[in-house]
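Colleague: the sequence and its predicted three-dimensional model are supplied below.
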Amino acid sequence: MLKKLLPLLLLCWAAPAFSHEITSGAGFVTGFNHPVLGFDHLLAMLSVGLLSTQLGGHAIWRVPLAFMAFMLVGGILGVFAIAVPFVEIGIALSVLLLGGAIALDKRIPLYAAMAFVGLFAIFHGHAHGAEMPELASPVLYALGFLSGTAVIHICGVALGFIMQNINVRWPLTRLAGVAIAATGGYLLMGF
């Protein structure tokens with residue numbers, strides 16, 4: 001089973017491929033591509049899915065939905081050029097702290113988890129909104145980045161369930177959290 005997870009683990013040590021340079025196209029596809037192709041966004045959103053699976057119960061859907069709701073707020077701020085300080089640092093910090101939360105595997109209250117991911121979602125959303133191409137439809141672009149985020153969250157939840165059900169000596173989800181947090185630390189070193 002570890003051989004099947006090796007490609008995922010290798011992603012954690014790959015060089016960051018920031019999505020913030022996407023300029024071609026407009027509308028839904030460009031919005032969808034922004035979180036999917038951005039390594040920093042991808043790791044944070046996978047982490048939200050993993051964390052929600054770790055918490056279990058209603059967190060499995062409420063935590064990702066909270067992320068998406070706050071991300072939309074951040075996206076609106078970005079589209080209207082309302083400044084949010086330290087966006088890129090906030091995104092990198094989200095990878096570090098979400099990975100750390102997964103690695104620690106502490107039971108935190110549902111609403112605290114929702115607020116935790118919501119804070120970081122504002123940074124991610126602002127980056128998406130601020131980089132919307134001029135000719136893109138804001139509604140289609142927002143639907144695109146929300147859809148891309150939902151797909152990544154679902155993949156994170158599925159991955160969380162798979163890792164919880166693999167019978168090995170090591171807690172794979174917590175190990176993934178360590179790798180994600182280490183990647184977030186690496187991203188922060190760039191600032």
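Modeller: Received, thanks.

Colleague: gap between Gly74 and Arg169?
Modeller: Per Cβ to Cβ, to the nearest Å, Gly74 is found 40 Å from Arg169. (C-beta placed from N, C-alpha, C; glycine too.)

Colleague: which of the two has more residues huddled nearby?
Modeller: Gly74 (26 against 4; other Cβ atoms under 10 Å).

Colleague: point to the residue nearest the middle of this structure.
Modeller: Met45 (1.9 Å; Cα atoms, centre = their mean).

Colleague: show me the contacts for that residue.
Modeller: In this structure, Met45 makes contact with 35, 67, 124, 149, 152-153, 156, judged by Cβ atoms under 8 Å, 6 or more residues apart in numbering.

Colleague: quick one: which of those residues is most hemmed in?
Modeller: Ranking the contacts of Met45 using other Cβ under 10 Å puts Phe67 first, with 33 neighbours.

Colleague: secondary structure element for that one?
Modeller: Phe67 belongs to helix 59-79 when assigned by DSSP states H and E.

Colleague: what sits up against that helix?
Modeller: Outside helix 59-79, the residues within contact range by Cβ under 8 Å, 6+ apart are 45, 48-49, 51-53, 55, 84, 110, 113-115, 117-132, 138, 142, 145-146, 149-150, 153, 156-157.

Colleague: could you pull up the mean pLDDT of it?
Modeller: Predicted confidence along helix 59-79 averages 97 (mean pLDDT).

Colleague: chain center to it: distance?
Modeller: Relative to its chain's centre, helix 59-79 lies at 11 Å (Cα atoms, centre = their mean, to the nearest Å).

Colleague: how many neighbours does Ala69 have?
Modeller: Counted with other Cβ under 10 Å, Ala69 comes out at 14.

Colleague: hang on, the earlier thing: ok, now how distant is the residue nearest to the centre of the chain from Ala83?
Modeller: 23 Å.

Colleague: quick one on the thing from earlier: which pair in the contacts of Met45 spans the largest distance?
Modeller: The span of the contacts of Met45, defined through Cβ to Cβ, is set by His124 and Gly156 at 14.0 Å.

Colleague: circling back to that earlier point, residues contacting the closest residue to the residue nearest to the centre of the chain other than its chain neighbours?
Modeller: Distances taken as Cβ to Cβ, 6 or more residues apart in numbering put Ile152 closest to Met45, at 3.9 Å, once the chain neighbours are dropped. The neighbourhood of Ile152, defined by Cβ under 8 Å, 6+ apart, consists of 35-36, 41-42, 45-46, 49.

Colleague: among these, name the ones in helices.
Modeller: If you go by DSSP state H, the contacts of Ile152 have 35-36, 41-42, 45-46, 49 in helices.

Colleague: any low-confidence regions in this protein?
Modeller: 1-26 (pLDDT under 70).

Colleague: where is the longest helix in it?
Modeller: Looking across the chain with DSSP H, the single longest helix is helix 138-165.
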